[in-house]
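Engineer: have a look; sequence and predicted model below, questions after that.
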Amino acid sequence: MRKDKLKIAIYQQDIAWEDPSANYDKVREAFAATTELDVMVVPETFSTGFSDNMARMAEPMEGETFRFALEMARRHDALFVGTWTVMENGMVYNRMHWVKPDGSYGYYDKGHTFRMSSEASQLGRGTETKVFEWKGWHFKPAVCYDLRFPKWLRNERVGADGLAYDVLIFCANWPGSRHEAWSTLIKARGIENLAYVLGVNRVGTDGVGIPYTGNSAVIDYRGIPMAECESGQEQVVQVELDYEKLSAFRQHWPFYLDFD
């Protein structure tokens with residue numbers, strides 16, 4: 001059964017460089033004051049930062065960071081979403097994890113590894129898009145550089161009057177020098193896919209001197225920000241997604257019926 005409204009919390013985190021323990025503490029503290037959550041989302045590589053050592057710091061699938069994510073999911077009785085690197089069958093992936101309070105989980109491997117960094121040479125590339133279900137809503141996971149590839153993220157028609165997903169989630173380490181592209185594209189992806197967008201980016205300066213302004217936001221299906229983190233500030237924001245409003249908009253403006 002679908003829950004009519006979902007309570008979302010996103011954390012615009014200043015990631016401690018290559019220090020998982022410190023980052024677990026930051027996430028615990030950040031969400032400590034939140035109540036009645038359904039979904040909590042943290043940035044890409046929230047436990048280490050986007051490091052040239054991501055392959056070296058990769059964990060088994062149910063390693064230390066997975067156990068922390070499960071701790072958070074159970075503590076808040078909410079879905080926990082974030083990425084960290086995982087070693088599987090001799091390959092390392094930048095993997096978005098979808099961890100439920102009951103211990104079950106799903107995952108999505110970043111489809112577009114960033115060729116302008118060492119990520120593309122260190123990590124394997126995911127080969128399939130996915131859609132996850134939670135409380136009757138459908139979510140499409142994506143990671144950082146994926147944002148630039150609309151075909152990869154395209155919502156699909158399901159039957160004559162439905163769409164494959166309702167919410168698009170981006171976990172990112174998107175540098176401040178390209179913040180205009182980030183803010184523009186998360187709005188565009190919401191508009192073209194008739195879906196809510198959770199764009200969760202980091203702030204601070206990483207271990208190689210790259211600054212991040214965050215500009216994390218929750219965007220509605222019209223491309224309008226529902227909630228925005230303050231640029232450059234570590235912050236948690238909460239917002240409520242309304243399925244009836246989404247459905248009414250899709251029925252009134254059924255652009256998906258003319259999708260190519």
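Structural biologist: Right, received. Where do you want to start?
Engineer: and stretch 85-99, which residues are buried?
Structural biologist: The neighbour-count check on stretch 85-99 (16 or more other C-beta atoms under 10 Å) flags 85-87, 92-99 as buried. C-beta: built from backbone N, CA, C; applies to glycine.
Engineer: next: stretch 162-170.
Structural biologist: Using 16+ other C-beta under 10 Å as the burial criterion, the residues of stretch 162-170 that qualify are 163-170.
Engineer: ok, back up a step: adding distance to residue 15, write the buried residues of stretch 85-99 out as TSV.
Structural biologist: Shown next, in TSV, are these (distance: C-beta to C-beta, whole Å):
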residue	distance to residue 15
85	13
86	18
87	20
92	19
93	19
94	14
95	17
96	16
97	16
98	20
99	19
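Engineer: let me have those in a markdown table, adding secondary structure as columns.
Structural biologist: Rendered in a markdown table, the data for the buried residues of stretch 85-99 read as follows (DSSP: H, G, I helix; E, B strand; the rest coil):
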| residue | secondary structure |
| --- | --- |
| 85 | strand |
| 86 | strand |
| 87 | strand |
| 92 | strand |
| 93 | strand |
| 94 | strand |
| 95 | strand |
| 96 | strand |
| 97 | strand |
| 98 | strand |
| 99 | strand |
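Engineer: closest one to residue 122 out of those, please.
Structural biologist: Closest to residue 122 out of the buried residues of stretch 85-99 is residue 92 (6.5 Å), distances taken as C-beta to C-beta.
Engineer: ok, that closest one - contacts?
Structural biologist: With contact taken as C-beta atoms under 8 Å, 6 or more residues apart in numbering, residue 92 is in contact with 54-55, 58, 85-86, 122-124.
Engineer: try it again at 10 Å.
Structural biologist: Residues near residue 92 by C-beta atoms under 10 Å, 6 or more residues apart in numbering: 54-59, 85-86, 109, 119, 122-124.
Engineer: quick one: which of those sit in strands?
Structural biologist: Judged by DSSP state E, strands contain the following of the contacts of residue 92: 85-86, 109.
Engineer: and the next element down the chain from the least confident helix or strand in the chain by mean pLDDT?
Structural biologist: In the chain, no helix or strand scores lower on mean pLDDT, DSSP states H and E than helix 119-122, which sits at a mean of 91. Sequence order places strand 132-134 as the next helix or strand after helix 119-122, per DSSP states H and E.
Engineer: other residues contacting that next one?
Structural biologist: In contact with strand 132-134 (C-beta under 10 Å, 6+ apart) are residues 2-3, 6, 38-39, 78-79, 81, 96, 98, 100, 105-108, 138-141, 165-167, 169.
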